[in-house]
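Trainee: Structure for this input, please:
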Amino acid sequence: MKDRGDGLTLGVEEEIHLVDVKTWQLAACAPKLLSQEAEASFDTEMQRSTVETRTDPRDSLEGLHTEIVRLRRRLAETAEPAGLGLAACGTLPSSSTEDFDLTRTRRYRRLQEQYRLLADEQLICGLQVHVEIRDRDLAVLAAQRVSWLLPTLLALSASSPFWNGQDTGYASIRSIIWQRWPSAGPTGPLGSATEYDTLIENLIRTGVLADAGMAYFDVRPSAHLPTLELRVCDACPEVDDAVMIAGLFRAGVRRALEDIRHGVPHEPIAVPLQRAATWLAARTGLSGSLLDDQARPEPIEAQRVVRNALERLRPRLVELGDYEVVGALVESALRRGNSADRQRAVFAEGARIEDVVSSVVDETMGLRAGPSSAWERC
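Mentor: Residues are numbered from 1 along each chain as shown. Predicted coordinates for the structure are as follows:
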């Protein structure tokens, strides 16, 4: 697939757990590891056991796939000699809240002091997708119009069924943990960048938010880039899943921008319904039901909801040159299940949480090129 140049550029930030491959426990050594890495595409997070990677903007999904693989390989080259593995998943199955080790910056110390348990249990990793929108007013309006898609993307990404070594009953316990932060979740209706900025200013004025960087909404204008940023998803062990989610989100953004341009009316989803849809996606992932986005939402079999979303986005995916690859990746994901499904299958076979961690590390570091049905057409 060649870069077309007529689409919206996109990029990905991946949060990745560092794992001691002898004990299969978290390894709190990200600052030391990154001290050996000069490339600006890597950074630390609040917890010392996590590294964040940031791709450069790409026009095509193939280019994005190549860039994610490149960054994972670069990180693996530094991690493996130190006896470390990489695990791109919402929660490391073997992790315990006692594993938290704060990255000692002034900001993170301040956040730990202010938020206490929320900070101390921040042993979670997400996937963020950025789609270029240089007009912040358009970004705020587009954020409102893509909200219908977010629970579906969360269900596809769900990779955190285990927490403290136990099955939580959720496909994405990461998102439940994340929703405890005071600015996580939907924003409610907003009509402009001015309204968005006023909301942030008011939240900071309350003292509940420490700074603008804590606008942890499910989707938001980026705090530091001219993009709309998706923040609701778990980190994905399989590169293909991250690329699939990026492709679907970009198509959703393109659809939103086209609707705005043509004056298509928008009916906002009520915040309690949006939260309900997100909770259900976190609870069942792809193995149960999801809510559709109609005025009277009903639980519908998850695979049907995913395929309905793909069909709804088909015209924009075609325009972007992404339909064949995204369609193939979606069907592959539905056949094999999301990471939560695969982790539970591994546990059912051996009943050892270490086997689950090992399988996630293998997927993350396997750097598969993608199913031939998807990439050979590009």
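Trainee: where along the stretch 151-300 of the chain do the helices fall?
Mentor: Assigned by DSSP state H, counting those that start in this stretch, the helices in the stretch 151-300 of the chain fall at 173-178, 193-206, 239-261, 271-284.
Trainee: Reformat these as JSON lines; add mean neighbour count.
Mentor: No exception for glycine: its C-beta is placed from N, CA and C like everyone else's. Below are the helices of the stretch 151-300 of the chain laid out as JSON lines (neighbours: other C-beta atoms under 10 Å):
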{"stretch": "helix 173-178", "mean neighbour count": "24"}
{"stretch": "helix 193-206", "mean neighbour count": "14"}
{"stretch": "helix 239-261", "mean neighbour count": "24"}
{"stretch": "helix 271-284", "mean neighbour count": "20"}
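Trainee: Tabulate the ones you listed (JSON lines), appending distance to Glu37 and mean pLDDT.
Mentor: Listed next are the helices of the stretch 151-300 of the chain as JSON lines, based on distance: least, C-beta to C-beta, whole Å; pLDDT from 0 to 100:
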{"stretch": "helix 173-178", "distance to Glu37": "25", "mean pLDDT": "97"}
{"stretch": "helix 193-206", "distance to Glu37": "32", "mean pLDDT": "96"}
{"stretch": "helix 239-261", "distance to Glu37": "20", "mean pLDDT": "97"}
{"stretch": "helix 271-284", "distance to Glu37": "33", "mean pLDDT": "96"}
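Trainee: among the ones you listed, which is nearest Thr55?
Mentor: Proximity to Thr55 (C-beta to C-beta) singles out helix 239-261 among those, at 9.5 Å.
Trainee: For stretch 242-255, C-alpha coordinates in PDB please.
Mentor: The C-alpha trace of stretch 242-255 is given here as PDB (Å, rounded to 0.1, in the frame of the first residue of the first chain):
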ATOM      1  CA  ALA A 242      -3.100  -1.600  16.800                       C
ATOM      2  CA  VAL A 243      -3.100  -0.800  13.100                       C
ATOM      3  CA  MET A 244      -6.700  -2.000  12.700                       C
ATOM      4  CA  ILE A 245      -7.900   0.300  15.500                       C
ATOM      5  CA  ALA A 246      -5.900   3.200  14.000                       C
ATOM      6  CA  GLY A 247      -7.500   2.600  10.600                       C
ATOM      7  CA  LEU A 248     -11.000   2.400  12.000                       C
ATOM      8  CA  PHE A 249     -10.500   5.600  14.100                       C
ATOM      9  CA  ARG A 250      -9.100   7.500  11.200                       C
ATOM     10  CA  ALA A 251     -12.100   6.500   9.000                       C
ATOM     11  CA  GLY A 252     -14.400   7.600  11.900                       C
ATOM     12  CA  VAL A 253     -12.700  11.000  12.000                       C
ATOM     13  CA  ARG A 254     -12.900  11.400   8.300                       C
ATOM     14  CA  ARG A 255     -16.600  10.600   8.400                       C
END
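Trainee: how far does it sit from the chain's center?
Mentor: A distance of 12 Å separates the centroid of the chain from that of stretch 242-255, by C-alpha atoms, centre = their mean, to the nearest Å.
Trainee: same question, stretch 212-232
Mentor: That offset, for stretch 212-232, works out to 12 Å (C-alpha atoms, centre = their mean).
Trainee: which of the residues in it are buried?
Mentor: 214-222, 227-232 (16 or more other C-beta atoms under 10 Å).
Trainee: Just name the closest of these to Ala242, please.
Mentor: Of those, the one sitting nearest to Ala242 (C-beta to C-beta) turns out to be Leu230, at 11.2 Å.
Trainee: Any idea what the closest one is bridged to?
Mentor: Taking DSSP bridges as the rule, Leu230 bridges to Val129, Val219.
Trainee: Offset the numbering so it begins at 126, please.
Mentor: Happy to do that; since the first residue is 126 now, the last one works out to Leu355.
Trainee: Tell me who's in contact with it.
Mentor: Neighbouring residues of Leu355 by C-beta atoms under 8 Å, 6 or more residues apart in numbering: 253-256, 275, 278, 343-344, 370, 374.
Trainee: In CSV: these, plus distance to Arg432.
Mentor: Output for these, formatted as CSV (distance: C-beta to C-beta, whole Å):
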residue, distance to Arg432
Gln253, 25
Val254, 21
His255, 26
Val256, 22
Leu275, 17
Leu278, 14
Asp343, 22
Val344, 22
Ile370, 15
Phe374, 17
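Trainee: any chance you could map the helices in the stretch 126-275 of the chain?
Mentor: Using DSSP H, counting those that start in this stretch, helices in the stretch 126-275 of the chain cover 155-159, 186-204, 231-240, 242-245, 261-270, 275-282.
Trainee: Output the fourth one as CSV, nothing but the C-alphas.
Mentor: These are the backbone C-alpha positions of helix 242-245, laid out as CSV (Å, rounded to 0.1, in the frame of the first residue of the first chain):
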residue,chain,number,x,y,z
LEU,A,242,-4.3,5.2,45.5
LEU,A,243,-5.1,6.2,41.9
ALA,A,244,-1.5,6.9,41.2
ASP,A,245,-0.2,3.9,43.3
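Trainee: Right, I'll leave it there.
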